[in-house]
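*Asks:* I would like the atomic coordinates for the input below:
(chains A and B)
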Amino acid sequence: MSTLQGRGADWDMPPQSTELLQGTLDLLILKTLVLEPMHGWGIAQRIQQVSQELLQVGQGSLYPALHRLEAKGWIRSEWAPSENNRRAKFYSLTRLGRKQLESEMENWKRISGAIALVLEGQR
Amino acid sequence: MTLTIGYVWRRIRASLFGASRDEVDQELSYHIARQTEVNVAAGMTEKEARRQALIAFGGIEKTRERCHEERHAAPLESLLRDVRYAIRGLRRAPGFAIAAVLTFAVGIGATTAVFSVVDRILFRSLPYRDASRLVSVGIVAPIEPQEFMLGYSYYEWQDHQTPFEMLTSWTGSNNCDLTEGNAWRLTCASVEANFLPAFGVGPLLGRNFSSEEDRPNAPKVAMISYQLWRSRYGNDPSVVGKTISLDGTPVRIIGVLNKDFELPTLDNADVLMPEAIDPASQRGANPGRVRWAFARLKPGVSIGQAEAAMQPLFQQMLMTVPPQFRKEVHLRVRSLRDRQVHDAKLAAWILLAAVGLVLMIAYANVGSLLLARSASRQREFAIRRALGAGKARLVRQITTESLVLAVIGSAAGCLIAAALLRIFQAAAPLGVPYLEKAHLDLRVVTFAVIASLLCGILFGMVPILPKPDVETIASRSAIGAPHGRVRQLLVVAQIAVSLVLLAGASLLLRSLWNLQKQSLGMSTKGLVTASLSLGELHYSKAEQQMAFFQLLEARLRKLPGAGAVIVSDSLPPGGWHHDHIYAAIRIEGKPLPAEGTGGTVAWRWVTPEYFRALSIPILQGRGFSEGDRDSSDHFMIISRSLAQYMFQDEEPIGRRVQPGLEGPWYTIVGVAADVKNGGLTGLDEPEYYRLRRDRPEDWGPDASVTVATSIAPGAMERWIRSEVAAIDPTVPVVTETMSQRVSKLADRPRFEAALLGLFATIGVLLAAMGIYGVIAFLVTQRTPEIGVRMAMGATKFDILELMGVQGLRMIAAGMFVGLSIAVVGSRALSGLLFGVRPNDPLSFASVCLLLAILAGLATWVPACRAMKVEPSRALRHE
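*Replies:* Numbers count the residues shown, from 1 in each chain, chains lettered A, B, ... in the order given. Here you go, the predicted structure:
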């Protein structure tokens, strides 16, 4: 899963792998924002922490993802002072985003279950 | 996520008011600052910390760009990406891509071409102001298929009519010669002064006729057509006001007509002139001059209302009509468009329906292809959705793929359409209105492309609609069972529709066959005809006309290879000839019929060799002899049916009749066999022949000269033209063989049959492709099953049966449905059929047989492949 990094360079790769990552990253971002509004840096740190440093979120894909999600209306942003008193752009979940998160999570569970079945069944 | 209006709005808002470049920069620099802080805390120098933070971040510019792209959706680029991907996908399935593109192309091509033709006939806008209010008004009588008016009642109607804003008319056109410099043969049409205003068209240059100019003895004026203006006067505007010489009379040009001007009857006219008829003289005359009347409805008045409003005037007119006419004369008011397309309308609608059916088959085929493809991609889509690709993403991909197919298909379709249109124009008979002006219609192309797109999207969507489930992803081979039924239904529909098309085509073909096989009552072999028309200037007197034709006849007789030579004023089996009502013949010793017109009777002026040259047998009495030409008596030969009608069982030879109720009495010298004279499809009229003697009163300016010859017709045609030119090079002459003349009469039905046949062929081929595709797909899908069955001891025949029965079931169902529709629907064709009933059992049976064989073959081939499956390989098929 460390392929999350450096995604910015693979624009010309077939969309299958792009989307796999994009969809997963979106899901992770939405999940991270459930607790509290956060800025980009914080989101990246949180995902890294929670996944016990297994998932490295590359900035090259994080920020475009944030803008994409905002454009879709799933998250909204506002400028606010941050921990170090500098102004940062904080993202929070919208109602639409919350609904999206729920359905995506459900989907993810079903699919990962299915994939697990396939992988085990294939042996 | 769904493609809702809300989503689109948010997208637009985001792109309009979204983060500015500065804002993105600030956001990114905040990130770098935080990373720098962390690095400093880890013990780096300030400078090194920032450098490392920048390295870790990667390309700032690229990220910035992509943030913007995400906001502004970068529609073009992402579309291009999708298109690239779609093309790559299609290249991986070339068979599918080619079949789909071809089907689209044929469907779109045929539809567009035919619609472009039919559109001009049925839907084009007429070049007049507010054309929907223009109508044709007149009476219908057996003698003339189109409604007409007679002078004396026309002026009554013009004075007393209420439903029309304006009532106008023209009295037809005639040949006229432009007699200055090189003489030009032109067509001059005579119109009322209010003719152009009634149609709401004005001249390009100059002015319209004034009512003073439309009086008898007024100085002659004319308006010339744009075409004449261009070809003769080189678009010189100073031609207006110039005086030219028409048939030797000075005529002043007062205007030039618009480029798109056309007479409402679509007749050709180079010059418009005022009728200059005195209404008073017409009112007294009975029946007055024949004319064709057109009117502009008052706003809000419908055609039905107008007809009702004209009834009293019509009834009044009927009182002045001889009693025997009354029952056969009707009032008719119909739209100008109906008047123009007259009998082309039915054929046009039928072609339109046929091409619609072809399009349906084509779309069903593409649908079937897409379903097959999507069945095999179901797992791909399920996995992609599982891995996070949104439905919208997949929808977009499928849309793009359909778009690519439709665009390529449409491009190819346009080429096919352009080619087909060329073929139509080359092959079509005269008299298909507007055909030479038809061009590819952009609206139709757009429609066909959009329909193709929708078809592609609709059927392409099927695999992504269901939620992905574990089995779909886990299944090792493609499973397509859920859509198999849809595909089978599509095939049934295709077979049904192609049966309908085939049935229609076979009826028209049989009808055409009957037309061409029918006995004409005359010979067409070894005959060359020439039509001539003598100009008013040098041949205004009957003596001059007779002298010309007699000289020509004598010269033609001397040509090597020339046999009999006829100079008649018309020729069978179709085209113009004289006719009048039967009741207008006075028979010596018999009273005139008290009631009824007795129908119409055709007649011609002929020279003695007419019957010999055309191989028309004389049944009773004798033919005309050369000696009869000097006689001061008048001689007549009547057709068998006229003899029957006039004299029943009495002896006709030697009886005397007076055609037209005035003038000379004719002595009947013979009875000839019946010859077709109403064209190939029209009703035949009884006919009589008057002998053209060597007396001026028997001659006129127009004649058909026919030469029987044993040499090559081409050479004879050239000789005839040079003989005419040797006497007078200014006389226009058109030559053709009699076989060509007759063949031309069947052009229209041939054109219709050929078109419908073409569509039926395309339809059947597409349907066969469809059924082949479905069975082949089933075979591939069931290969493992077949392997198992064979391993368990099933014979090859069992397998053939297993696969074949499915195909046969589809064929049977499709044929049943198609036959039911065809039996009902073929009635619509009855107006186009000749000598064959719309529910002709032989046609239907042969069509069913043909379709069954083709469809059976399309099943047999893939089913045979199933039979040859190697059990061991089939089991390892996955």
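
*Asks:* so who does residue B:44 touch?
*Replies:* Taking CB atoms under 8 Å, 6 or more residues apart in numbering or on different chains, we find residue B:44 in contact with residue B:52. For glycine as for every other residue, the C-beta is placed from the backbone atoms N, C-alpha and C.

*Asks:* Am I right that it is in a helix?
*Replies:* No: under DSSP: H, G, I helix; E, B strand; the rest coil, residue B:44 sits outside any helix and is assigned coil.

*Asks:* How about the secondary structure of the residue in chain A positioned nearest to chain B?
*Replies:* In chain A, the residue that lies nearest chain B is residue A:23 (1.9 Å; CB to the nearest CB). On the three-state scheme (three-state DSSP), residue A:23 is labelled helix.

*Asks:* since we're on it, how many residues are nearby?
*Replies:* 21 (other CB atoms under 10 Å in any protein chain shown).

*Asks:* Quick check: the gap between it and residue A:116.
*Replies:* Look at residue A:23 and residue A:116: by CB to CB, to the nearest Å, they are 18 Å apart.

*Asks:* so how far is stretch B:697-704 off the chain centroid?
*Replies:* Offset of stretch B:697-704 from its chain centre (CA atoms, centre = their mean, to the nearest Å): 37 Å.

*Asks:* swap that for stretch B:296-307, sorry
*Replies:* Relative to the centre of its chain, stretch B:296-307 is centred 29 Å away, using CA atoms, centre = their mean.

*Asks:* Of all the helices and strands in the chain, which has the lowest average confidence?
*Replies:* Using chain A. helix A:15-33 (a mean of 67; mean pLDDT, DSSP states H and E).

*Asks:* Tell me the helix or strand right after the helix or strand of chain B with the lowest mean pLDDT.
*Replies:* The helix or strand of chain B with the poorest confidence is helix B:5-17; it has a mean of 53 (mean pLDDT, DSSP H and E). Using DSSP states H and E, the next helix or strand after helix B:5-17 towards the C-terminus is helix B:21-41.

*Asks:* thinking the residue of chain A closest to chain B is in contact with residue B:387, fair?
*Replies:* Yes: under the criterion of CB atoms under 8 Å, residue A:23 makes contact with residue B:387 at 6.5 Å.

*Asks:* Determine the three-state secondary structure at the residue nearest to residue B:161 when sequence neighbours are not counted.
*Replies:* Using CB to CB, 6 or more residues apart in numbering or on different chains and skipping the chain neighbours, the partner closest in space to residue B:161 is residue B:167 (5.7 Å). Look at residue B:167: counting by three-state DSSP, its state is strand.

*Asks:* Run through the residues that contact residue B:167.
*Replies:* Contact partners of residue B:167, counting by CB under 8 Å, 6+ apart, are B:137, B:157, B:158, B:161, B:198, B:293, B:294, B:295.

*Asks:* burial count for residue 96?
*Replies:* Because you didn't say which chain, this covers chain A. Counted with other CB under 10 Å, residues neighbouring residue A:96 total 17.

*Asks:* Switch to chain B, please.
*Replies:* Residue B:96 - counted by other CB under 10 Å - has 18 other residues nearby.

*Asks:* Heading C-terminal from the one helix or strand it maps to, find the next helix or strand.
*Replies:* If you go by DSSP H and E, residue B:96 is part of helix B:94-122. As assigned by DSSP H and E, the chain's next helix or strand after helix B:94-122 is strand B:134-141.

*Asks:* now residue 31, nearest residue through space, not along the chain?
*Replies:* All of this refers to chain A. Per CB to CB, 6+ apart, closest to residue A:31 is residue A:101, 6.4 Å.

*Asks:* Let me rephrase: I mean chain B.
*Replies:* residue A:41 (4.9 Å).

*Asks:* hang on, that neighbour packs against residue B:38?
*Replies:* No: assessed by CB under 8 Å, residue A:41 is found out of contact with residue B:38, at 9.4 Å.

*Asks:* Of these two, which one has the most company?
*Replies:* Set residue A:41 next to residue B:38 and count neighbours by other CB under 10 Å: residue A:41 wins out with 23 against 16.

*Asks:* Near residue A:84, how many other residues are there?
*Replies:* Neighbours of residue A:84 using other CB under 10 Å come to 10.

*Asks:* Would you check how far apart it and residue A:41 are?
*Replies:* According to CB to CB, residue A:84 stands 10 Å off from residue A:41.

*Asks:* How many neighbouring residues does the nearest residue to residue B:827 once chain neighbours are set aside have?
*Replies:* Spatially, and ignoring its direct neighbours in sequence, residue B:827 is nearest to residue B:838 (5.0 Å; CB to CB, 6+ apart). When neighbours are counted by other CB under 10 Å, residue B:838 registers 20.

*Asks:* Over to residue B:650?
*Replies:* 10.

*Asks:* cool, the one 4 residues further on as well?
*Replies:* Residue B:654 is flanked by 9 other residues according to other CB under 10 Å.

*Asks:* Alright, that wraps it up for me.
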